[in-house]
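1. need coordinates for the following:
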Amino acid sequence: MEHSTVDPKAIRNIDGVDWSYGMRREMQEIVPGLFLGPYAAAMKSKKCDLQNRGITHIVCIRQNIEANFIRANFPDTFKYLILDIADTFTENIIRFMSQFQQFVDGCLKEGGKVLIHGNGGISRSASLVVAYLMEKLSLSFKDALMFVQRRRFCINPNEAFFQQLTEYEALCNARRSVLSGGTLPSGSRKRKFPSDPDDNISDTAMT
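-> The predicted structure follows:
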């Protein structure tokens, strides 16, 4: 299976700023109110930064064996969802989508802002964000992946998550077909990625 990755040296972000290696240690806003980043963005030294960005909710993704160094550092300040997900080829990440989506939706509907992080903000957390955008914005897997990569270029779901997200696209299409009361025409199954990299996704699109 082909699995393309993005070369950070060859791409600029949506504001025309060169992506640098150090930016992988920061969080980026993917759509209004939804941030993706590494644990480094949620460490004890980053409390003021989180508050200054308006973060109210945090999704912390870790394995049990990572709990000693990936922690919910501010339970009295932010609302947390902790998901026990391994970055392995045997992990079923899609089974966490319902819980993840309810938490993120609840945050955004309250007018809050949410940070989703794992350890590096590259595989597990990125996969959940990609799946969330597929569901909420009716994007294909390819378009959702590109959408997130254009904002956080270092993301790279592992091969198993890549395959699961490909299959999740069909599930999203089937669900939308049922909700619409019919079968989706073959040409309408995928929403095209905005041609202009500066196109904005409105807050209402996420509700």
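2. poorly predicted segments of the protein, please.
-> The chain contains residues with pLDDT under 70 at 1-19, 182-207.
3. strands along that one, start to end?
-> For the chain, applying DSSP state E gives strands covering 28-31, 34-37, 57-62, 79-84, 114-117.
4. turn those into JSON lines, including mean neighbour count.
-> Just so you know, the C-beta spots here come from the backbone N, C-alpha and C atoms, and that holds for glycine as well. JSON lines is the format used below for those (neighbours: other CB atoms under 10 Å):
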{"stretch": "strand 28-31", "mean neighbour count": "20"}
{"stretch": "strand 34-37", "mean neighbour count": "26"}
{"stretch": "strand 57-62", "mean neighbour count": "25"}
{"stretch": "strand 79-84", "mean neighbour count": "17"}
{"stretch": "strand 114-117", "mean neighbour count": "25"}
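5. for those strands, give me TSV that also has distance to Cys172.
-> Below are these laid out as TSV (distance: least, CB to CB, whole Å):
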stretch	distance to Cys172
strand 28-31	17
strand 34-37	18
strand 57-62	20
strand 79-84	20
strand 114-117	19
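6. so which of these is nearest Ala160?
-> strand 57-62 (15.2 Å; CB to CB).
7. centroid-nearest residue for this structure?
-> For the chain, Val129 is the residue whose C-alpha lies nearest the centre (CA atoms, centre = their mean; 1.9 Å).
8. so that one versus Arg151, what's the distance?
-> For Val129, the distance to Arg151 equals 10 Å [CB to CB, to the nearest Å].
9. identify the contacts common to these two.
-> Contact criterion CB atoms under 8 Å, 6 or more residues apart in numbering; residues shared by Val129 and Arg151: Ile30, Leu36.
10. starting at the chain centroid, how far to stretch 47-62?
-> 14 Å (CA atoms, centre = their mean, to the nearest Å).
11. ok, now which ones touch Val59?
-> Val59 neighbours (CB under 8 Å, 6+ apart): 80-83, 100, 103-104, 114-117, 125, 128.
12. how many neighbours does the closest residue to Phe100 other than its chain neighbours have?
-> Nearest non-adjacent residue to Phe100, counting by CB to CB, 6 or more residues apart in numbering: Leu128, 5.3 Å away. Residues near Leu128, counting by other CB atoms under 10 Å, number 27.
13. does Leu128 touch Ile116 like I think?
-> Yes. Shown here, Leu128 and Ile116 form a contact pair, counting by CB atoms under 8 Å, at 6.4 Å.
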